[in-house]
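Trainee: no sequence on this one, just coordinates:
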């Protein structure tokens, strides 16, 4: 126990407890889906399950990802200080941490209905294989877009027992958002990735990277507006959409020069895009 306790700070760093942006990027669209599926009044217990599940699975994903990238991270400026890259945690130990966190998350499954549980197994399979996608898939951000959007159909299934068309549309909208922000993230590492032979959308798109990011934001907002029309949404929902669009325009200013600092800032700033979408949805239902 003493040995494990002494390593907890390393495990906290491994699972990015000090960097919650990844959890938030997963959580905002999942909460948005819960609110839509439950007509603005999801059960508190269900919200807790999805918040805990999102946190645990994102943390597990970080651990497994670092184990998979052990041979690369030490040679990338942004990731060289990660605990696995520095040799403070072995890849095998990182995988053990990931499996432990996933097992804890699995304890939440009995609290969900069968439809949501079935989708959860698919989500886990996709998330577990993502760290290796960049080895063979030319645009791993497309793979991540599916993995990071699976909380949406799970939320609808948990509330309704099925996933209606609006749920799949929201998942598609979110996938475009993931492509946008993870391409911004990939632009930070482009030079290192080129040197190491790691694939990414930033490399695949070349000089069209900024245009592709902005087109993905346009697709996100356009789909959200269409979803709003299907839901007969009121003004708060559209204010949220407009805010997200305005933030995306600000991101253009940050990424157009392709500086590492600007692209990383734009990526982190996506927390506010997700918050705008959720807040607009939650307030919309609150005033109905």
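Mentor: Great, that's in hand. Because the structure is a prediction, the values reported are computed rather than measured.
Trainee: and residue 2, what pLDDT?
Mentor: Model confidence at residue 2, given as pLDDT, is 50.
Trainee: show me where the stretch 101-250 of the chain has strands.
Mentor: Ranges of strands within the stretch 101-250 of the chain: none, based on DSSP state E, counting those that start in this stretch.
Trainee: what about the helices in it?
Mentor: Taking DSSP state H, counting those that start in this stretch as the criterion, the stretch 101-250 of the chain carries its helices at 114-136, 140-147, 151-160, 165-188, 190-196, 201-205, 209-230, 235-255.
Trainee: please name every helix or strand in contact with the longest one.
Mentor: With contacts defined as 3 or more CB pairs under 8 Å, 6 or more residues apart in numbering; DSSP states H and E, the secondary structure elements packing on helix 165-188 are helix 21-37, helix 140-147, helix 151-160, helix 201-205, helix 209-230, helix 235-255, helix 260-286. Bear in mind the C-beta positions are built from the backbone N, C-alpha and C, glycine included.
Trainee: next, the angle from the second one to helix 21-37.
Mentor: What separates the directions of helix 140-147 and helix 21-37 is an angle of 40 degrees, with axes from the mean of the first three to the mean of the last three CA atoms, to 10 degrees.
Trainee: roughly how far out does helix 140-147 sit from the chain middle?
Mentor: 9 Å (CA atoms, centre = their mean, to the nearest Å).
Trainee: residue 169 touches residue 227, doesn't it?
Mentor: Yes. Because the distance of 5.5 Å satisfies CB atoms under 8 Å, residue 169 is recorded as touching residue 227.
Trainee: how deep is residue 274 tucked in, by neighbour count?
Mentor: Neighbour count for residue 274, taken as other CB atoms under 10 Å: 24.
Trainee: so who does it touch?
Mentor: Neighbour list for residue 274: 24-25, 27-29, 177 [criterion: CB atoms under 8 Å, 6 or more residues apart in numbering].
Trainee: can you check the pLDDT for it?
Mentor: Here the pLDDT value assigned to residue 274 is 98.
Trainee: with the one 10 residues further on instead?
Mentor: Looking at residue 284, its pLDDT reads 98.
Trainee: follow-up on the earlier one: most neighbours among the contacts of residue 274, which one?
Mentor: If you count neighbours using other CB under 10 Å, the busiest of the contacts of residue 274 is residue 177, which has 29 neighbours.
Trainee: excluding its backbone neighbours, what's nearest it?
Mentor: Nearest non-adjacent residue to residue 177, counting by CB to CB, 6 or more residues apart in numbering: residue 220, 4.6 Å away.
Trainee: also residue 24?
Mentor: Once its chain neighbours are removed from consideration, residue 24 has its nearest residue in residue 271; the separation is 4.9 Å (CB to CB, 6+ apart).
Trainee: cool, thanks, talk later.
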